[in-house]
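Visitor: Okay, sequence plus prediction incoming.
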Protein chains: 2
Amino acid sequence: MTTDCLNCPLRQRPVFEPMKGNELDFMRKFKTGELEINAGTTLMLEGTNSPQLYTALKGMGLRYKTLKSGERQVINFVLPGDFIGLQAGVMQEMQHSVEATTDMKLCVFDRKNLWRLFRDCPERAYDLTWLAAVEEHLLGENLAILGHMNGLRRIASAFVRLHDRGAALGLAHNGRMPLPYKQQDLADALGLSLVHTNKTLRHLRKGGAVRWMNGQLEVLDYDLLCGIAGLDPGRRAILRPLI
Amino acid sequence: MTTDCLNCPLRQRPVFEPMKGNELDFMRKFKTGELEINAGTTLMLEGTNSPQLYTALKGMGLRYKTLKSGERQVINFVLPGDFIGLQAGVMQEMQHSVEATTDMKLCVFDRKNLWRLFRDCPERAYDLTWLAAVEEHLLGENLAILGHMNGLRRIASAFVRLHDRGAALGLAHNGRMPLPYKQQDLADALGLSLVHTNKTLRHLRKGGAVRWMNGQLEVLDYDLLCGIAGLDPGRRAILRPLI
DNA sequence: AACACGCATTAAGATATGACATAGCAGAGG
DNA sequence: CCTCTGCTATGTCATATCTTAATGCGTGTT
């Protein structure tokens, strides 16, 4: 049986804004089911228009663009709570692909009903826009990272930010969290070559800041890592809506 | 006197979606005035929360983030038709600053009324989300450019995309359009040093692809430029909403 | 066992880019 | 006319990063 939004375990997390009664009612109708997919499945394909929209409940994935040269730019990492398919919903088609890197469980919505969301539940429409604005913010940060940081700092900040996201979701304990990606994924996200990524990872490991092996991230020295990344260790996760 | 939305000269442009009667009525109430600012004015400041939202009508500007190191990442170039302040509207505060590089004229909206837009005019709310999704798409493209292209290709693609935007707005004639930015602005947008940008511009000029001097962009050989940028010359501007 | 395969790792040479130094050039202002 | 300032232009040199290639190490398959 699928989970009732009422008891959604994800929504209990303090990072997510509480939902008002009418919003909850709407979501229970809006949600059409759940989807479980295997690691490696392509959930959305760049240039196509999915009839479904999703919210990730469990597992992790990747958003990426494939360039003409065949190279890949990873746009972002998909963690539980992320909404998938906004572009397919409002624009004609997805501008990037989404792929599961672990088995995933997703909440399924029907694209056809998206307009109903705007018409009947402006609170949820507002939240959707909110999510889009946050995504824009995150991409802006990524841009600044690619534009101005060297490999070491890029990787350090990626780890800090992933760790913070994981911690907010309750995935991290004592600086350890699952991070089921390949070095190539990280390289493609940060615009580095695989080789250079590998060397820099070793450097960080030797320096005692962070270790990432077998899909496990271990932040050994958070402050040191933030120092390398040039980030303020005191940042706090923003309260955000869950759709 | 301020322009009535009814006669908005910008909206006549074929890039912008036509507006339904009720939307137009709403916009006429939503618009609270017009603002004229001088070149160099900072319209929005990162970390603050503007009580106003804007749509650029005339002139050009820049969105940028200032990094802790004092460096600057230009997120995007602001052209007429761009909506400014979505983050201030839905999130607590702006995540980037916006500055005018020429004198600008802007349509002014009141942030307080944004919720009314969602409640009373779902069509407009939908369009707002649409804009956010497009912005996300553009940033994704920028990310791919920074991540995978060398200086030459970065600059070439920036010019192609700016030219296309300008052409859609009727700013470009025979490959010429005003582009009132400094080399430093372009460098900060593309994550290149000023010097390298300068050298690469010369290279492009010598190669006969494009010339950019005195705030004027001249695309001499569009196909060549697209070739360098690795872009398909046949791309078409997407029809988009104007807010 | 033997092998192929995906992934992490390491090495060595090539190159794109940044840092620094310096000069020219135009406009603003006295 | 001179000076100051901001922008553009150019050369040299150092280095971060890429490319290519080769190796090892587990896992699953035949």
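Guide: Looks like it arrived, so ask away. Numbering: from 1, shown residues only, chains lettered A, B, ... in the order given.
Visitor: Pull up the residues of chain A that are close to DNA strand C.
Guide: Within chain A, the positions adjacent to DNA strand C are A:182-184, A:194-195, A:198-199, A:201-202, A:213 by CB under 7 Å from any atom of the strand. The way it works is simple: take the backbone N, C-alpha and C, and place the C-beta from them, glycine included.
Visitor: Looking at neighbours, which among the residues you listed is most surrounded?
Guide: With neighbours set by other CB atoms under 10 Å in any protein chain shown, the maximum within these is found at residue A:201, which has 21 neighbours.
Visitor: got the contact list for it?
Guide: For residue A:201, the contact set (CB atoms under 8 Å, 6 or more residues apart in numbering or on different chains) comprises A:155, A:183, A:212.
Visitor: contacts with DNA strand D among those residues, please.
Guide: Here nothing survives when the contacts of residue A:201 are matched to DNA strand D using CB under 7 Å from any atom of the strand.
Visitor: Filter the residues you listed down to just the ones in helices.
Guide: Among those, the subset assigned to helices under DSSP state H consists of A:155, A:183.
Visitor: ok, so of the contacts of residue A:201, who is nearest DNA strand D?
Guide: DNA strand D has its nearest neighbour among the contacts of residue A:201 in residue A:155, at 9.6 Å by CB to the nearest atom of the strand.
Visitor: which residues does that closest one contact?
Guide: When contacts are counted by CB under 8 Å, 6+ apart, residue A:155 touches A:186, A:190, A:192, A:197, A:200-201, A:204.
Visitor: cool, residue A:148 as well?
Guide: With CB under 8 Å, 6+ apart, residue A:148 has these contacts: B:67, B:69, B:71, B:73, B:191.
Visitor: picking that back up, could you tell me which of the contacts of residue A:155 belong to helices?
Guide: Per DSSP H, helices hold the following members of the contacts of residue A:155: A:186, A:190, A:197, A:200-201, A:204.
Visitor: just to revisit the earlier point, would you format the contacts of residue A:148 as CSV with distance to chain A included?
Guide: Supplementary listing: the contacts of residue A:148 in CSV, determined by distance: CB to the nearest CB, whole Å:
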residue, distance to chain A
B:67, 6
B:69, 7
B:71, 5
B:73, 4
B:191, 3
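Visitor: closest to DNA strand D among these?
Guide: Each of these was scored against DNA strand D by CB to the nearest atom of the strand, and residue B:191 proved nearest at 10.9 Å.
Visitor: Look up how far DNA strand D lies from the residue nearest to that closest one when sequence neighbours are not counted.
Guide: When the adjacent residues along the chain are set aside, residue B:191 lies closest to residue A:147, with 3.0 Å between them (CB to CB, 6 or more residues apart in numbering or on different chains). Using CB to the nearest atom of the strand, to the nearest Å, residue A:147 is found at 12 Å from DNA strand D.
Visitor: residue contacts, residue A:147?
Guide: By CB under 8 Å, 6+ apart, the contact list for residue A:147 reads B:73, B:146, B:188-191.
Visitor: so which of those is the most crowded?
Guide: Within the contacts of residue A:147, most neighbours by other CB under 10 Å means residue B:189, with 28 neighbours.
Visitor: need the contact list for it.
Guide: A:147, B:73-77, B:158.
Visitor: how long is stretch A:107-116 end to end?
Guide: Using CA to CA, to the nearest Å, one end of stretch A:107-116 lies 18 Å from the other.
Visitor: How far does it sit from its chain's centre?
Guide: Centroid displacement of stretch A:107-116 relative to its chain, using CA atoms, centre = their mean, to the nearest Å, is 20 Å.
Visitor: Over to stretch A:54-69?
Guide: Distance of stretch A:54-69 from the chain centroid (CA atoms, centre = their mean) equals 8 Å.
Visitor: Let's test this: what are the backbone torsions at residue A:225?
Guide: Torsion angles at residue A:225 (phi, psi; degrees, to the nearest 10) stand at phi -60, psi -40.
Visitor: Tell me how far it lies from residue A:162.
Guide: 11 Å (CB to CB, to the nearest Å).
Visitor: For residue A:15, see how far away the residue positioned nearest the centre of chain A is.
Guide: Closest residue to the average C-alpha location of chain A: residue A:78 at 2.8 Å, with CA atoms, centre = their mean. Distance of residue A:78 to residue A:15, computed by CB to CB: 16 Å.
Visitor: any low-confidence regions in chain A?
Guide: Filtered on pLDDT under 70, chain A yields no residues whatsoever.
Visitor: what does it put close to DNA strand D?
Guide: Applying CB under 7 Å from any atom of the strand, one finds that chain A approaches DNA strand D through A:150-152, A:191-196.
Visitor: Break chain A into its domains for me.
Guide: Chain A breaks down into these domains under automatic domain parsing: A:5-139, A:143-229.
Visitor: JSON lines please, covering the ones you listed and showing distance to residue B:38.
Guide: Shown next, in JSON lines, are those (distance: least, CB to CB, whole Å):
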{"stretch": "domain A:5-139", "distance to residue B:38": "27"}
{"stretch": "domain A:143-229", "distance to residue B:38": "27"}
